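Undergrad: attaching a predicted model along with its sequence, questions to come.
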Amino acid sequence: MLAPLRPDDDLPSRPAPQARDLIAGLEKGLAVICAFDQERPLLSVTEVAERCGLTRAAARRYLITLEHLGYVRSERGRWSLSAKVLRLAQSYMHSGRLPRVVQPELHRLVSALKEASSSGVLDGDDVICIAALTAGQLVSSTLQPGTRVPAWCTANGRVLLAALPPAQLDAWLAGRTFEARTPHTITDAERLRAEIVRVRAQGYAVVDQELELGLRTISVPLESSDGMVLAAINVSAHAARRSAEQLVDECLPALRQTQAALRRQL
């Protein structure tokens, strides 16, 4: 059975801060940056306001400030992120303990299996990739640090959801709709719950072409030495190269070895 998920990837859980200790302007500014994504790389002031729950006037001020600081740019009434935003991610990749510890193990895993591998952490509806390595074969564009994928239809996501306490998983599933990314995607909440319960019991997840056609993935949790789930790590292969059964028979043992090696370091 999977260990519980630690809410932060490097620190034990802490009580919620008092409102007086929070800087609302910083929170809203970061929300404006996060309003841009792969599906919406260009946004108007009105769209930013709607996505962030701001007035149009406030959204405009945040965008102007971020432009002044070099994090966004504007052209013909549309706004987009600038490359400077990468500094924020780079700071984490260079200083965060998880990426630094996981990346060398990914090299060993990929070298042994000749398949792609990535590690991710749960963030709301999604899994954020914190480390990734391919074997020289293009499997999926999602296998790179910083990308976000839906938790419900990915192996890393299901492993992380399986580590949630039952009440927290119920709250996560409640009120969500699950988009069919392919004809194979599980979109029914009760079927998804049953699959996550199965993952929790067996300690690994296999997802067969639910995120992308032709992509099969197997994942296990990364646990700290005290038994808390910090992240997940997977092996991804094209469906033409390995069946779901082959992923379990041929890749799971190597994943288990990586899991054990990382537990000693985390």
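TA: Okay, I see it. Since we're looking at a predicted model, the values are computed, not measured. Numbering: from 1, shown residues only.
Undergrad: show the end-to-end separation of stretch 177-184, please.
TA: This stretch, stretch 177-184, spans 16 Å end to end (C-alpha to C-alpha, to the nearest Å).
Undergrad: how about residues contacting it?
TA: With contact meaning C-beta atoms under 8 Å, 6 or more residues apart in numbering, stretch 177-184 is reached by 150, 152-153, 185-189, 192, 208-213. To be clear about C-beta, it is placed using only N, CA and C from the backbone, and glycine gets the same treatment.
Undergrad: how about it: buried residues?
TA: 178, 181 (16 or more other C-beta atoms under 10 Å).
Undergrad: near Glu212, how many other residues are there?
TA: 21 (other C-beta atoms under 10 Å).
Undergrad: please state the backbone phi and psi of it?
TA: phi -140, psi 140 (degrees, to the nearest 10).
Undergrad: does it touch Ser140 like I think?
TA: Yes: at 5.7 Å, Glu212 and Ser140 qualify as touching, with contact defined as C-beta atoms under 8 Å.
Undergrad: closest to the centroid, which residue in the protein?
TA: What sits nearest the mean C-alpha location of the chain, by C-alpha atoms, centre = their mean, is Val127, with 1.7 Å.
Undergrad: now do the strands in this protein.
TA: For the chain, the strands defined by DSSP state E cover 72-75, 78-81, 116-123, 126-133, 148-150, 205-208, 215-223, 229-238.
Undergrad: what does the fourth one contact?
TA: When contacts are taken as C-beta under 8 Å, 6+ apart, the neighbours of strand 126-133 outside the stretch itself are 9, 92-93, 96, 98-99, 102-103, 106-107, 110, 116-121, 142-151, 154, 156-157, 160, 231-232.
Undergrad: show me what the worst-scoring helix or strand of the chain on mean pLDDT is packed up against.
TA: Least confident helix or strand of the chain, by mean pLDDT, DSSP states H and E, is helix 86-95 with a mean of 73. Under the contact definition 3 or more C-beta pairs under 8 Å, 6 or more residues apart in numbering; DSSP states H and E, helix 86-95 sits against helix 97-113.
Undergrad: what residues does the helix it packs on touch?
TA: So helix 97-113 is contacted by 9-10, 92-94, 116-119, 121, 130-135, 145, 222, 230-231, 233, 235, 250-251, 254-255, 258, 261-262, 265-266 (C-beta under 8 Å, 6+ apart).
Undergrad: please report how far Thr46 lies from Ala31.
TA: Thr46 sits 16 Å away from Ala31, taking C-beta to C-beta, to the nearest Å as the criterion.
Undergrad: those two: who's more crowded?
TA: Using other C-beta under 10 Å, the more surrounded residue of Thr46 and Ala31 is Ala31, with 16 against 12.
Undergrad: Ala49 is in contact with that one, correct?
TA: No: at 11.0 Å, Ala31 does not count as touching Ala49 under the criterion of C-beta under 8 Å.
Undergrad: before we move on, back to that, partner residues bridging the residue nearest to the centre of the chain?
TA: Leu122, Val149 (DSSP bridges).
Undergrad: same check on the one 4 residues further on?
TA: For Ala131, the beta-bridge partners are Ser119 (DSSP bridges).
Undergrad: cool, thanks, signing off.
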